[in-house]
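Novice: I need the structure of the sequence given here:
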Amino acid sequence: MLHAIEFYRRYRERETFSLQLQARLSDAQLRALRAQLNPHFLFNTLNAASTLLHRDPDGADAMLTRLGELLRLTLRADPDHETRLLDELELLERYLDIMRIRFSDRVTVQTRVDARVTEALVPAFILQPIVENAFEHGVARLQRPGTIDIDAKPVNDFLVLTVCDNGSGPASAEPGNGVGLANTRRRLAELYGDNSSLELTSSPNAGTKVEVRMPLRFEGPALLASA
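Specialist: I've put the predicted structure just below:
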């Protein structure tokens, strides 16, 4: 009996240690994935500012100023893997300020957020790479005015984020697995497993749609208002 009790105790200790090790590994993977986003985004933005520098020095200066503000916010942000959707949208707005300078009046961005999900938890920096994909692989190559629509709403027990653009479709969003989107897929899988998804659909000359689905969760006892 004593041997059995000791064996069980050691088994539970090994099981607990294994779970702790897996949690640390998952945390390290998530931090590494998030860290990959910043250099990727920074390179693209600096490249855009460099292109703008010769034809619009004031615009390039304003873009770099906004970039500095965004980076300060990012560095000061809570290191946790999740943040409120409201905070994520505020961070996204700083990125959109940069893109508005770059594209001037060529692109219109509309954001529609259901008031019931503003306090919902989302992976930090989840929207920026998806919206960046819409700019770089969607509307940037258009000869006509571009539009990007950002939508957030509850669907049953899930939060659904959607980013749509009116770009040229499959040719412009061809890989669908650039650094930003591939990274986002992996982060979702690490955080939520099979309870999340990222789907990209494109139609010729009708644009691209990226839909992200994740569990609808809140900090504390927040309740979802009835429809």
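Novice: for this protein, which spans come out with low pLDDT?
Specialist: 1-41, 73-80, 169-179, 220-227 (pLDDT under 70).
Novice: Quick check on the residue nearest in space to the middle of it: phi, psi?
Specialist: Residue closest to the average C-alpha location in the chain (Cα atoms, centre = their mean): residue 126, at 1.6 Å. Dihedral angles of residue 126 (phi, psi; degrees, to the nearest 10) stand at phi -80, psi -30.
Novice: how near is it to residue 58?
Specialist: 32 Å (Cβ to Cβ, to the nearest Å). All C-beta atoms are positioned from the backbone trio N, CA, C, and that covers glycine.
Novice: same for the helix or strand encompassing residue 185, what does it pack against?
Specialist: Per DSSP states H and E: residue 185 is located in helix 179-192. With contacts taken as 3 or more Cβ pairs under 8 Å, 6 or more residues apart in numbering; DSSP states H and E, helix 179-192 sits against helix 2-53, strand 121-123, helix 127-137, strand 197-203, strand 207-215.
Novice: Distance check, residue 146 against residue 101.
Specialist: Counting by Cβ to Cβ, the gap from residue 146 to residue 101 is 15 Å.
Novice: Equivalent analysis for residue 61, please.
Specialist: 10 Å.
Novice: do residue 64 as well
Specialist: 10 Å.
Novice: Mind checking which of these two has more residues around it?
Specialist: Each of residue 64 and residue 101 has its neighbours counted (other Cβ atoms under 10 Å); residue 101 has more, 22 against 18.
Novice: ok, now which ones touch the more buried one?
Specialist: 52, 59, 62-63, 66 (Cβ atoms under 8 Å, 6 or more residues apart in numbering).
Novice: doesn't it fall inside a helix?
Specialist: Yes: under DSSP: H, G, I helix; E, B strand; the rest coil, residue 101 sits within a helix.
Novice: So for it, what's the nearest residue that isn't a sequence neighbour?
Specialist: Excluding its sequence neighbours, the residue lying closest to residue 101 (Cβ to Cβ, 6 or more residues apart in numbering) is residue 63, at 4.7 Å.
Novice: how many other residues sit next to that neighbour?
Specialist: For residue 63, the tally of surrounding residues (other Cβ under 10 Å) stands at 24.
Novice: helix or strand right after whichever strand or helix holds it?
Specialist: Assigned by DSSP H and E, residue 63 belongs to helix 57-76. Toward the C-terminus, helix 57-76 is succeeded by strand 82-84 as the next helix or strand (DSSP H and E).
Novice: What strands line up against that next one, and which way round?
Specialist: strand 121-123 (antiparallel) (DSSP bridges).
Novice: Pull the residues that contact the partner strand.
Specialist: 81-85, 88, 159, 161, 184, 187-188, 191, 214, 217-219.
Novice: show me what contacts residue 155?
Specialist: Contacts of residue 155 by Cβ under 8 Å, 6+ apart are residue 213.
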